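K.L.:
quick check, what structure comes out for this input:
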Amino acid sequence: MAPSFKVITLTDAAAERIRGIIADADQPIAGVRLGVRNGGCAGMAYTMEYADARRPGEDMVEDRGVRVFIDPKAVLFLLGTQMDFKTDKLSSQFVFNNPNQTSACGCGESVAITPAAPGVMDAARV
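P.N.:
Predicted structure coming up:
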């Protein structure tokens, strides 16, 4: 069996915020679901939602005590990403340090992402 790899990693701040989201949820949740969708002026946007269970075909990342479920269509776009949580004077938000991101729009709502080559995923598993 090949060693597993993590599609994404979390910083301490991101894990702490996800733990807070789980603790404050109105219903039991298993973690958060992360994906990408078409949209915005740069072409793509990250998506996050509550996840009550792992869906068929999803990757599950367990890092720093939390679970992140990865939409199968997003894996090649997110490979190697570090998820962080930043707070400044005017906002608090999850930030994705993604090596596959090639640009972002000026408003920060969308990004351009080039998917990792499929062979990269196989190499990461070895």
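K.L.:
from now on I want contacts and neighbour counts done on CA atoms only, so please keep to that.
P.N.:
Fine.
K.L.:
poorly predicted segments of this protein, please.
P.N.:
Along the chain, the model assigns pLDDT under 70 to residues 1-5, 40-42, 103-112, 114-115, 117-126.
K.L.:
which SSE is immediately downstream of the longest helix belonging to it?
P.N.:
Longest helix in the chain, counting residues (DSSP state H): helix 12-24. As assigned by DSSP states H and E, the chain's next helix or strand after helix 12-24 is strand 31-38.
K.L.:
orientation of whichever helix or strand comes after that next one relative to strand 31-38 in degrees?
P.N.:
Counting by DSSP H and E, the next helix or strand C-terminal to strand 31-38 is strand 44-51. Here the directions of strand 44-51 and strand 31-38 differ by 150 degrees (axes from the mean of the first three to the mean of the last three CA atoms, to 10 degrees).
K.L.:
so which elements touch strand 44-51?
P.N.:
strand 31-38, strand 111-113 (3 or more CA pairs under 8 Å, 6 or more residues apart in numbering; DSSP states H and E).
K.L.:
buried sites along that strand?
P.N.:
The neighbour-count check on strand 44-51 (16 or more other CA atoms under 10 Å) flags 44-46, 50-51 as buried.
K.L.:
now the angle from it to helix 12-24?
P.N.:
Relative orientation of strand 44-51 and helix 12-24, computed by the same axes, to 10 degrees: 40 degrees.
K.L.:
any idea how far strand 44-51 is from the chain center?
P.N.:
Here the centre of strand 44-51 is set off from its chain's centre by 8 Å, with CA atoms, centre = their mean, to the nearest Å.
K.L.:
next: stretch 18-29.
P.N.:
Between the centre of stretch 18-29 and the centre of its chain there are 17 Å (CA atoms, centre = their mean).
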